[in-house]
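1. no sequence on this one, just coordinates:
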């Protein structure tokens, strides 16, 4: 494995670690979903601007799987990215637990909730359309970071509406961050935080590619140009036919001139 490939995997690990640590810190300190959404969106924007040129700036298994569904990333790269993102989230969780164990409260085991699943799915659609716009329209640098950061803030703020046990339980839109917060894979509630964003990301990216991709306009323009070129070639063909029709007339006029020259030589 080359150094550039290792750098990509390390960038995904570091980015997910930082994002999970910020969500844990703000969420456990203030407990307000608006502050958490602002902090997560700002962190996403900075991470995409800094580490995006290295790895693509996923930092989210749902984003990686969504890009795989539109064939923007290979299967091997998808598996490695998701693994690095999970490791980054677990490292952030353990670091936060070591630094302030009194603030990290384990969530009680809960059953699968369709409301949480639906909210995470809708959030995944909103966020993934912002990511698809950056990828398919090839935005880079600060512009890409701003679009993705604002898309995540909009998605997280829009779906933070489901209340469970007097706590707002949605707006994560990231299976890796959900592990860091306290939702474990052995807990049935984690299924909503995993499958909701993943399915939403797949739907959102494919919808954007079908209806809002810039290439669709290019295909229509190319088709119209081909039709105009065919029409222009059709108008040229009658002119060529007229030129061919004039050639026999010139040959007939040249024949009498030869006969006249022969008669004059005989008289002489």
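-> Great, that's in hand. Given the structure is predicted, the values throughout are model-derived calculations rather than measurements. Residues are numbered from 1 along each chain as shown.

2. Going by C-alpha atoms from here, please, whenever you check contacts or count neighbours.
-> Will do.

3. Return the distance of the helix or strand encompassing residue 7 from the chain's centre.
-> According to DSSP states H and E, residue 7 maps onto helix 3-29. A distance of 20 Å separates the centroid of the chain from that of helix 3-29, by Cα atoms, centre = their mean, to the nearest Å.

4. Would you mind checking the average pLDDT for it?
-> Helix 3-29 shows a mean pLDDT of 89 in the predicted model.

5. which strands and helices sit next to that helix?
-> helix 33-55, helix 75-99, helix 175-181 (3 or more Cα pairs under 8 Å, 6 or more residues apart in numbering; DSSP states H and E).

6. just the ones you listed: most buried one?
-> Among these, the stretch with the highest mean neighbour count (mean count of other Cα atoms under 10 Å) is helix 175-181, at a mean of 26.

7. Other residues contacting that helix?
-> 16, 19-20, 23-24, 60-62, 85-86, 89-90, 92-93, 172, 184-185, 190, 193-194, 197 (Cα atoms under 8 Å, 6 or more residues apart in numbering).

8. My reading is that residue 186 is in a helix; is that accurate?
-> No: secondary structure of residue 186 (DSSP: H, G, I helix; E, B strand; the rest coil): coil, not part of a helix.

9. What's the separation between it and residue 41?
-> Residue 186 sits 28 Å away from residue 41, going by Cα to Cα, to the nearest Å.

10. Equivalent analysis for residue 7, please.
-> Distance from residue 7 to residue 41, by Cα to Cα: 24 Å.

11. Tally up the residues packed near residue 205, please.
-> Per other Cα atoms under 10 Å, the neighbour tally for residue 205 reads 29.

12. where does the stretch 51-200 of the chain dip in pLDDT?
-> Along the stretch 51-200 of the chain, the model assigns pLDDT under 70 to residues 101-110, 161-170.

13. Distance from stretch 39-53 to the middle of the chain?
-> 15 Å.

14. do stretch 74-94 as well
-> That offset, for stretch 74-94, works out to 19 Å (Cα atoms, centre = their mean).

15. Likewise for stretch 184-200?
-> Using Cα atoms, centre = their mean, the mean C-alpha position of stretch 184-200 is found 21 Å from that of the whole chain.

16. can you pull the buried residues of it?
-> Using 16 or more other Cα atoms under 10 Å as the test for burial, stretch 184-200 gives 184, 189-200.

17. if we can go back for a sec, how about a markdown table for the helices and strands packed on helix 3-29, with distance to residue 120 added?
-> Converted to a markdown table, these look like this (distance: least, Cα to Cα, whole Å):
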| stretch | distance to residue 120 |
| --- | --- |
| helix 33-55 | 14 |
| helix 75-99 | 18 |
| helix 175-181 | 10 |
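
18. Among the ones you listed, which comes closest to residue 129?
-> For residue 129, the closest of the helices and strands packed on helix 3-29 is helix 33-55, at 15.0 Å, according to Cα to Cα.

19. Nearest spatial neighbour of residue 118, chain-adjacent residues omitted?
-> Using Cα to Cα, 6 or more residues apart in numbering and skipping residues adjacent in sequence, the residue nearest residue 118 is residue 196, 6.6 Å away.

20. What of residue 57?
-> Residue 57 sits nearest to residue 48 (Cα to Cα, 6+ apart), 4.9 Å away.

21. Quick check: the one you found touching residue 144?
-> Yes: with contacts counted by Cα atoms under 8 Å, residue 48 reaches residue 144, the gap being 7.1 Å.

22. picking up where we left off before, among the buried residues of stretch 184-200, name the ones in strands.
-> Judged by DSSP state E, the buried residues of stretch 184-200 include no members of strands.

23. State the pair within those residues that is farthest apart.
-> Of all pairs in these, the most separated under Cα to Cα is 184 and 200 at 20.3 Å.

24. how much space is there between residue 21 and residue 194?
-> For residue 21 relative to residue 194 (Cα to Cα), the value is 19 Å.

25. ugh, wrong one, I meant residue 206
-> Counting by Cα to Cα - residue 206 and residue 194 are separated by 19 Å.

26. what's the answer for residue 115, then?
-> Taken as Cα to Cα, the span from residue 115 to residue 194 is 14 Å.
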